[in-house]
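J.: Coordinates for the following, if possible.
(chains A and B)
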Amino acid sequence: MKRYSWILLLLAFALCGQDAIAQRMTTVQGRVVNSKKNKAGKAMMPFTDEAVFVYIFNTIADAQDNLSKIDGAQGAAVVECNFAVCDQSGNYECQVPDNGALIFKVGMAPAKLEKVDGRNIINMALEGEIMLANIDVVAYVQEIQPKPKAAERIGNKFFPYNTFPIPPHNGRPNARLIIQPFIIDCTNDDTVNYCKPIVLDGQDYHDTQYRLMGFNWKHDPLYPYIQRRRLTAERMSIDWADTITIPHPDRNYSCYATIQMEDFTSIFFKKDFQIVTCHNRQPMRFLEYKFDMRPLDPYKYKEVAKREKRNTSAAIQLTFEVGKATLDPNNPENEQNIAALQNKLKELAAGEGVSIKEFHITGTASPEGIYKSNIDLAKKRVDFVQQQITSILPKYVLARVYQNPQAIVNGWAKVADAMEADEQEEIAEKIRGVIKNTKNMDIQGATIAKMEEYPEIQKYLPVLRSVKYDCKYEIFRELSPEEIWARYTEEQQTGVERKYALYEYWNLFMLEKDSVKLEKLYKRAYDESIELNGQPWILAANNLAISYLKRDTCDVTLLEPFIDRRMKHVNMVRKNIDGFTTRTINPEEVVNNQLCMYIKAYDFDNASVMAQILPNTPENQLMKAFALCLGGYYKSDKQVFETVKNSSPVNEVVMDLALDTKAGNAMAAKAAQKLDPESPVTWYLKAIIANRGGDMGYIDATQNLKKCFSMDEKYIKIAETDGDLDEDMVASTIDEYLEEKKMTAELNAQMEEQRKAEEAEAAKKAAEEAAAAAELEAAQKAMEEEAAKKKAAEEAAAKKAPAKKAPVKRTTTAKKK
Amino acid sequence: MICINKRLLTALMMIVLFGIGAKAQLLAVKTNALYWAGLSPNASIEMVTKSRISVEVGAFGNNKPYGYDLKMTGLQPQVKYWFNGRPMTREFVGLGIIGATYHWDEHGINHKGDALGLGLTFGYALKITPRINVEFTAGAGQIYFHELRKTYDDDKWTTNPDVEKAETLTGMVDEEKYGDHYQGWNFMPFNLGVHFVYILK
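T.: Numbering: from 1, shown residues only, chains lettered A, B, ... in the order given. Here you go, the predicted structure:
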């Protein structure tokens, strides 16, 4: 037997090993549908109202044991095992051993056990019951009373909605019902917007309206909002929903409605109701996203030194001697003004790379007197001033300056204008009359001089005498990077800012390393480029935008000039007007950064426009998905939904909750187990999930919220106005939490006191002991001193005594010997 | 004015029709079914002139209905005030005039005369379709009549036997001499009817 025992062993293994071989994990997927007809009357459609749970068991026996437990459960996952949830189209996927089993459970239907048996695709048709949603029984409501709802707010869009129940005998066929909702800002109770109204006309009202005197459909402002339904005396239910763009994405908004009913002659019902509470739901509140900021390649946008044309002009105050072409020596300002202008010119000429191209003095004279002598004098004066000022320039500079001094005599019309501007219309009229009569300026002057208002007119003449200078110059300087840097550091030390050319800024961008100073440089370059060229420099604008994105500021106007929204592509190359150079429209980096900027500014409409422009490359995938998701477009676009969901564990929970279905809630509950337990956001999200479970989740929600508050108290404020959490539950939780906090604080304080008391006592004791010890020491010391004193005294006495005693002692000792 | 000239009546009707026609807002034509039941063809035109007021002018005629020896033509202008702010809708009150000439023979008495009356009507306009109404009216008024009443027996006038028979050349009898003039006031129902209204514009 022993020889053949190995065969038996082998057989035994073979038999036992049967199970062992078939324990491979396979992926099983399938679709679960409802074999009964759903609300729309179709059968074999996926379950939309209820969550379908697929419990995974590794062995059939295990599954059979748990079948009765699962059968008794409703809705929530009660068994501690792995489970999967079907998505909106009924598909599920899970990992289960070849010979394991799955239990399918939906709502209150009986659970069904399916053995896997090596299959990869298991489709099920379950018999679900049609679950009725909660409805308000309107029959017992005698008057119009809509219940306020909590509406969603995503980004800068607000989605108010409600259902208005109209009980019987409120409407009449000869009446019109108007429901006009309006949005209120919760922080300052300010009316923000009127939403689109609903108008229901009774049949009689509608048919006889044209019989009104002077009635015209086009003049009725409510005409576009009249519904097809007619108002009757029966019970009605009116659904309303709208989308509003709100000005402040960080504030809560509520919605009120005025309901008004009027018949042929009067308004017989008018009342305001609140239809959306201040507790908004923000599904995207905890979405985690990072900005993917892309810099431009600086070598692609390198600036080179260019000739810059500049222009300055201003007036100078000069007074001349009467009738002469020399300056009035009594007026000290003349010299000062001339000197100032000369210095200016000198500085300009001395500036590097500056060449003065033109310099003109323009002088105007007033019209009194003889025209010829006026103009001659004016010319002489202007020439004088021109010569005075330009004398400061060196000869070779002056030779290259185009000078063209001008002298003009203002006509009397200008005097009339000046007087009219100063409300002296009658005199102005008179002057104009004189001007009309004759063209000769001298005669005009003579006539006006004879008028009795001439002293008045004379007051306005000095205004017309002025001297102005106009200077055009060019700058062309090419400095090396070291020189530029040297100038920059000098400027930093002296604090005097100077204007740089764009190529200098380009070099400084490369050299400066400190980010705060860099941002200042970007801003200066940006502003100056607008001044110089009329449009901003793309490199400066992009870098400034990135710098803002890294900080807390946002400015959406920076990159807007470089983006053409009509083009739906990026990096389009266009030829410039000169036919030679090209420019790039919609550079991809700029569009991407602008998308981030819009997201920061909560303007998700524009962000999604940018997302449409960006191409579908893998780098852009995530930002595009975030932009569309934050704008609220995740419900219809599956790809956006999936991309955002898979980007982080918190996002998975957030997106599942945003679906607002039972299946979504179950998936969110599952995903929430993977979150980091040290983060307050985790507990807040778990509280929301528990709250969605209705009354059953009350305790869980309370505990989760308290844990969240204990980690970070700023969530108290958020929870107070969150529509996803039950108001009463939040209020009581906050009270409890604050109570507990106070108690623990008191307890701690007590313990502190105790400890302090103990310490004080211990200290006192120690002090006493120390005092006692010190006393003891002192006493000891005193004793020692006394003893020492005694000894000393004895010794002293002994020293005296031996003089006598010594001889006696010797004899005795001798004797002894 | 004792005898109301037929021509005058026509003139009045014309004035009413055209004088106010220029300001008309809504125009409707109506006919009274009750009168038709009494074999009196009738038609009226109604115009809305102000936001709550409309004016109606109707004419009716009669010629031996059901063998009853009666001939009548009449004119019925009326001003209506609508309570609901919309003309031709629901309740209204009207003030009307009726003018008629009649010739009526009964029990050997021949009545021939005119009548003019003033009455108050209450009515309710029921909307059937946006353009068709049915109006129910009832009213009462005071009517003044003047008639020539004669009695005769077998083709012989018996009213005033003492008056000499005055014969003209053709052998006709001058009825005026033989008849008695009667006049008086009567409080009568006025403007009873079920009207069908069709609104033109």
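J.: interface residues of chain A facing chain B?
T.: A:174, A:204, A:207-214, A:264-265 (Cβ under 8 Å from any Cβ of the partner chain). Where C-beta positions appear, they are placed from N, C-alpha and C, glycine not excepted.
J.: Out of those residues, which sit inside helices?
T.: If you go by DSSP state H, the residues of chain A next to chain B have A:204, A:207-208 in helices.
J.: Flag the shaky bits of chain B, pLDDT-wise.
T.: Applying pLDDT under 70 to chain B picks out residues B:1-24, B:152-179.
J.: do that again at 90, thanks
T.: Along chain B, segments meeting pLDDT under 90 span B:1-27, B:35, B:38-40, B:48-52, B:61-72, B:84-90, B:102-115, B:130-131, B:143-193, B:200-201.
J.: Just the helices from it, written as ranges.
T.: Counting by DSSP H, the helices of chain B are B:6-21, B:33-37, B:175-178.
J.: List the contacts of stretch A:394-401.
T.: A:349, A:355-359, A:390, A:393 (Cβ atoms under 8 Å, 6 or more residues apart in numbering or on different chains).
J.: Could you pull up the mean pLDDT of it?
T.: Taken as a whole, stretch A:394-401 carries a mean pLDDT of 84.
J.: Quick check on the residues of chain A next to chain B: which are buried?
T.: The neighbour count (16 or more other Cβ atoms under 10 Å in any protein chain shown) marks A:174, A:204, A:207-209, A:211-212, A:264 as buried among these.
J.: before we move on, the earlier item: can I get the ones in helices among the residues of chain A next to chain B in CSV with pLDDT?
T.: Formatted as CSV, these follow (pLDDT from 0 to 100):
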residue, pLDDT
A:204, 89
A:207, 88
A:208, 88
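J.: In CSV, list the residues of chain A next to chain B along with distance to residue A:311.
T.: Formatted as CSV, the residues of chain A next to chain B follow (distance: Cβ to Cβ, whole Å):
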residue, distance to residue A:311
A:174, 76
A:204, 76
A:207, 74
A:208, 74
A:209, 68
A:210, 69
A:211, 73
A:212, 68
A:213, 68
A:214, 64
A:264, 73
A:265, 73
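J.: Would you confirm that residue A:151 contacts residue A:159?
T.: Yes. Applying Cβ atoms under 8 Å as the test, residue A:151 and residue A:159 come out as touching, 5.5 Å apart.
J.: contacting residues around residue B:85?
T.: Neighbours of residue B:85 in contact, by Cβ under 8 Å, 6+ apart: A:212, A:264-265, B:51-52.
J.: Out of those, which is nearest to residue A:669?
T.: residue A:264 (57.3 Å; Cβ to Cβ).
J.: That closest one - nearest residue in space that isn't next to it in sequence?
T.: residue B:84 (4.3 Å; Cβ to Cβ, 6 or more residues apart in numbering or on different chains).
J.: how much space between that neighbour and residue B:51?
T.: 11 Å (Cβ to Cβ, to the nearest Å).
J.: Quick check: beta-bridge partners of the residue most central in space within chain B?
T.: Central residue of chain B (Cα atoms, centre = their mean): residue B:74, 3.5 Å from the mean position. Counting by DSSP bridges, residue B:74 forms beta bridges with residue B:60, residue B:100.
J.: Go ahead and confirm it touches residue B:60.
T.: Yes. Between residue B:74 and residue B:60 there is a contact under Cβ under 8 Å: 5.3 Å.
J.: Could you list which residues are in contact with residue 86?
T.: Going with chain A. Here residue A:86 is in contact with A:31-32, A:46-47, A:51-52, A:54, A:92, A:663 (Cβ under 8 Å, 6+ apart).
J.: think we crossed wires, I meant chain B
T.: So residue B:86 contacts A:208-209, A:211-212, A:264 (Cβ under 8 Å, 6+ apart).
J.: swap in residue A:372?
T.: Counting by Cβ under 8 Å, 6+ apart, residue A:372 touches no other residue.
J.: And the longest helix seen in chain A, what does it pack against?
T.: Taking DSSP H as the criterion, chain A has its longest helix at helix A:727-800. Here helix A:727-800 touches helix A:698-711, helix A:714-720, going by 3 or more Cβ pairs under 8 Å, 6 or more residues apart in numbering or on different chains; DSSP states H and E.
J.: Out of these, which is the most enclosed?
T.: Stretch with highest mean neighbour count among the helices and strands packed on helix A:727-800: helix A:698-711 (a mean of 19; mean count of other Cβ atoms under 10 Å in any protein chain shown).
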